Structure formats: C-alpha cells, structure tokens
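>>> Sequence first, predicted coordinates after that:
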Amino acid sequence: MTALNSRRSGSRFTTASLEQLFGSSRNSLGFLRTLFACLVVVDHAFPIGGYNGNLDPMWSWTNGQEDIGGLAVAGFFVISGFLVTMSFERTRNVVQYFWNRFLRIFPGFWVCLAVTVVVFAPIAYLHQYGTLNHYLTTSGGPVSYFWDNMFLVINQWNIDNLLQHVPYRHTGYPPAFDGSLWTLIYEFKCYIGIGLIGALGILRRRKVVVVGIAMVWWVAQLEDTLNPHRLQGIPLLGDISMARLAFFFSLGALMYLYRDRILISDTLAIIAAVVYLVGMRTALYEGIGQVAFAYLCMWLAIRLPLKGFDRAGDFSYGIYIYAFPIEQLCAVYGAQRWGLAAYVLISLAGTALFAVPSWFLVERRCLRLKRVQLLRFRTRPLARDTIGHEDTGVQLTEHPSRTR
C-alpha cells in the first residue's frame, strides 16, 4: 500500500512504513515541537511560580521517573535525532554539516544571552535595587554572563545576585535567569556524534552500529539507577543526563535509519501507549517505556492532521530559549498570585514577544547561510534543503533541578 493510497483512505489510516508516510509537507513535527515547547513552559511554572511544592503533578504520578518537562525534552531529542540524521544524509560534506548545525544553535543562543544581559537582567536589577548604578561593574555581572556561557556550557546562571525574592529560590538550586539552556550542550554533542559516525560511513553502511551505541546509552542509564555514581568520572557515560538524552536522540536516529522497516500502525501505537503508561507507573520506563515513547512521537507526527503547522515560522526554539527568563520576570512582579493558568498564559504571551522576532530576525536569516558552500566538492548526493523542516529539532530543555 503506498503512502498516496494511505492518505486517500480518509479517517481510516492504512499501515505503511515510516519512509512511505513521512515527508517534509506530510508530517506534524512542527506542531509537536511547539507543543513540547509549551509543555516545558507549563512544567517550569511550578518551580518558578511556586505551585504544588515546586513539582508538577506528573512527577509524583510516575513515582519520580518523569515530569512534564522531561517528557517534552525526550520528545525533542527523539525528533532531533530523526531530523539531524536525515540532515547529514542531505548535506554536501561533513564540514557543511557542522556549519548547518552551528547555524541552527549558536546565533539564536547568542542573541538570547545578549537580550538577557540588555533587557531581562536590567529590569530585574532595577526592581531589586531601584537603580541601574553598578549594574555593569559588579562581579558576576552581565559581561561575564555572556562570555562565560557563550560556548553552550552554562558556567554562570545568575547576574549580579538577582532573583533572590522569587519562589524559585525555594527549590534549593541557585537562582537562574535561563535555566532552560543547560541541555543545548548535550544536543550539540549529539550533533558531533552523528557527524563523526557519519564521516566514518557508519550511517550508510553499518547502521547496526547505531543500535549498539543506543544500547550503550541504555545500559549507562540502567547502571546509574541500580548503582548510582559507579560510572562517575567516565567521559560521557558518567553523565546521566548525557546518557538519557543521547539515548532518546539515538532512538530518533534509528527511526530514520530503519524508516523503511518501521511500520506506522494504529495497533502498534495503542500497544506502545499501553507500554509507555505501564512503564511510567512501574520500573519499566527506562528503556522499554522510552522506546515506546519514541515510536509514539513519530506515529503522532504522521497521524495528527496538523501538517504544515509551522509554515508561518518555527517558533519552538524561541519559545524554549526565552520562556524561562520571561517566567522569572513574571514571578519578580508577582504574576504567580493570579493562579497557575493565568501565570502560564501571561508567560506564554510574553515569550511570544521574543520568540517570533527570534525566528524572523535571527534564526531564519542565519539558516539562509546554509546555502554558503564551505567546500566545493560533494561526498554524497545533495537533496533539496528546506529551511524550517530539515533540522529544527533541539532544543527544549529544562533546568538541572528538573532532572532527577
């Protein structure tokens, strides 16, 4: 059964392979990215706004295995693994691939750091001290915030000892202006991994090696659960956040590499949903439940009738990088007293004021630079590249306090 016949079957979808059904204009990944971005905003509202003991309800429901933000992050890494692996196959050469990856992450990130220094932090500083005197001259100030964080590793979370009088201080973690930025370095490490194994020809000729890599990440997660800190000190594997996020990324990559063998079936989706929910309530989430969730992400991307959701623009990255500081400023001015729903809506509205310009003025313009050929020769056939559909899967993350 072809993808065309499947689409003509109306509301009754026909089982077919992921390769047959997936296309840049026939998927709802744009909607899923935006949904995951908004879920992170909801998740962060609990610790930043001080609701429900700083924990979203999903954390207790899953017996401390996952929360709403972690669910969203997992979805983003699955999607990213799928799209970035596809991007590598469509890129002229490895150098061009890394150039594309750089353009997707760094320009928007650097502008966000600058906006935090120039806009968000001065507002909080003026509110806390009643003046902007000494804003630029104190230790741990805006200049060091930008320079110390500019290579994705977040070395300075706060600016000028601000955010001391907001609910987030009760989480036990130091105040953070943008606690969502911490997983960007993990995302970029995954990009590097795909680039390296792709350059070695593994993605094209030894796909089974990627299965082995995914198993290594899974074992690292399991080992940390059974014997905490035993892997501590081992590069990459000793970092449980790296192991967890890289496993989800690997699942997405495998979904792409074996897309001709993976069936998109409503029956399989129901089974996956049951496995996922059971895993959430038991000790089966790591590995089994995670694989089921990865399948559900791609099933939703095909089945949801929201194709071309991001045709006007992919605002998911902007929502991710700007929501946390907006939520912090809302808390500085006491918006949390109006209740969770109002707080989330106000935060989303404020975030949109920065996320939309981020796409049109920064991200989209920088992505056009992918057309610049850094090297003239090609190492593989070049497929048509479409801005906004080819590789926009980062990005949504959460603060270390949300990873347990």
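Structure received. Numbering: from 1, shown residues only.
>>> What's the first helix or strand after the helix or strand of the chain with the lowest mean pLDDT?
When the helices and strands of the chain are scored by mean pLDDT, DSSP states H and E, helix 3-8 comes last with a mean of 40. Remark: after helix 3-8, the chain's next helix or strand is strand 16-17, criterion DSSP states H and E.
>>> Each with direction, which strands does that following strand pair with?
Note on strand 16-17: by DSSP bridges, its sheet partners are strand 263-264 (antiparallel).
>>> got a list of contacts for the strand it pairs with?
13, 15, 16, 17, 18, 21, 298, 299, 302, 303 (CB atoms under 8 Å, 6 or more residues apart in numbering). C-beta: built from backbone N, CA, C; applies to glycine.
>>> The second one against residue 269, yeah?
No. Using CB atoms under 8 Å, residue 15 makes no contact with residue 269, being 10.4 Å away.
>>> More neighbours: the two, which one.
residue 269 (19 against 14; other CB atoms under 10 Å).
>>> and that one, what helix or strand is that in?
helix 266-281.
>>> averaged over its residues, what pLDDT does that helix have?
When pLDDT is averaged over helix 266-281, the result is 95.
>>> Identify the residues contacting it?
In contact with helix 266-281 (CB under 8 Å, 6+ apart) are residues 13, 15, 61-63, 65-66, 284-285, 288-290, 292-293, 295-296, 299, 303.
>>> Using PDB, write out the CA atom coordinates for that helix.
What follows is helix 266-281, C-alpha atoms only, in PDB (Å, rounded to 0.1, in the frame of the first residue of the first chain):
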ATOM      1  CA  ASP A 266      -2.600   2.400  14.900                       C
ATOM      2  CA  THR A 267      -2.500  -1.000  16.600                       C
ATOM      3  CA  LEU A 268       1.200  -0.700  17.300                       C
ATOM      4  CA  ALA A 269       0.600   2.800  18.600                       C
ATOM      5  CA  ILE A 270      -2.000   1.500  21.100                       C
ATOM      6  CA  ILE A 271       0.400  -1.100  22.300                       C
ATOM      7  CA  ALA A 272       3.200   1.400  22.600                       C
ATOM      8  CA  ALA A 273       0.900   3.800  24.600                       C
ATOM      9  CA  VAL A 274       0.000   1.000  27.000                       C
ATOM     10  CA  VAL A 275       3.600   0.000  27.400                       C
ATOM     11  CA  TYR A 276       4.600   3.600  28.000                       C
ATOM     12  CA  LEU A 277       1.900   4.200  30.600                       C
ATOM     13  CA  VAL A 278       2.700   1.000  32.400                       C
ATOM     14  CA  GLY A 279       6.300   1.900  32.300                       C
ATOM     15  CA  MET A 280       5.600   5.300  33.800                       C
ATOM     16  CA  ARG A 281       3.800   3.600  36.800                       C
END
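>>> what about that helix, distance to the chain center?
23 Å (CA atoms, centre = their mean, to the nearest Å).
>>> Below-threshold pLDDT in the stretch 251-400 of the chain: ranges please.
For the stretch 251-400 of the chain, the stretches with pLDDT under 70 are 375-400.
>>> Any idea how many residues pack against the nearest residue to residue 114 once chain neighbours are set aside?
In space, and not counting its chain neighbours, residue 114 is closest to residue 146: 6.6 Å by CB to CB, 6 or more residues apart in numbering. Using other CB under 10 Å, residue 146 is surrounded by 17 other residues.
>>> In contact with residue 146: list those residues for me.
113, 114, 117.
>>> Make TSV from these and add pLDDT and distance to residue 217 to it.
Shown next, in TSV, are the contacts of residue 146 (pLDDT from 0 to 100; distance: CB to CB, whole Å):
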residue	pLDDT	distance to residue 217
113	98	29
114	98	34
117	97	35
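>>> So which of these wins on neighbours?
residue 113 (22 neighbours).
>>> what's the host helix or strand of that residue packed up against?
Residue 113 belongs to helix 94-115 when assigned by DSSP H and E. With contacts defined as 3 or more CB pairs under 8 Å, 6 or more residues apart in numbering; DSSP states H and E, the packing partners of helix 94-115 are helix 68-89, helix 142-149, helix 184-199, helix 316-332, helix 364-367.
>>> same thing but at 10 Å, please
helix 68-89, helix 142-149, helix 184-199, helix 316-332, helix 340-357, helix 364-367 (3 or more CB pairs under 10 Å, 6 or more residues apart in numbering; DSSP states H and E).
>>> Just the CA atoms of the last one, as CSV, please.
Extracted in CSV, the C-alpha atoms of helix 364-367 (Å, rounded to 0.1, in the frame of the first residue of the first chain):
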residue,chain,number,x,y,z
ARG,A,364,15.6,32.2,9.6
ARG,A,365,18.1,34.7,8.3
CYS,A,366,21.0,32.7,9.7
LEU,A,367,19.6,29.5,8.3
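>>> Quick check: buried residues in it?
Neighbour counts using 16 or more other CB atoms under 10 Å place 366, 367 of helix 364-367 among the buried residues.
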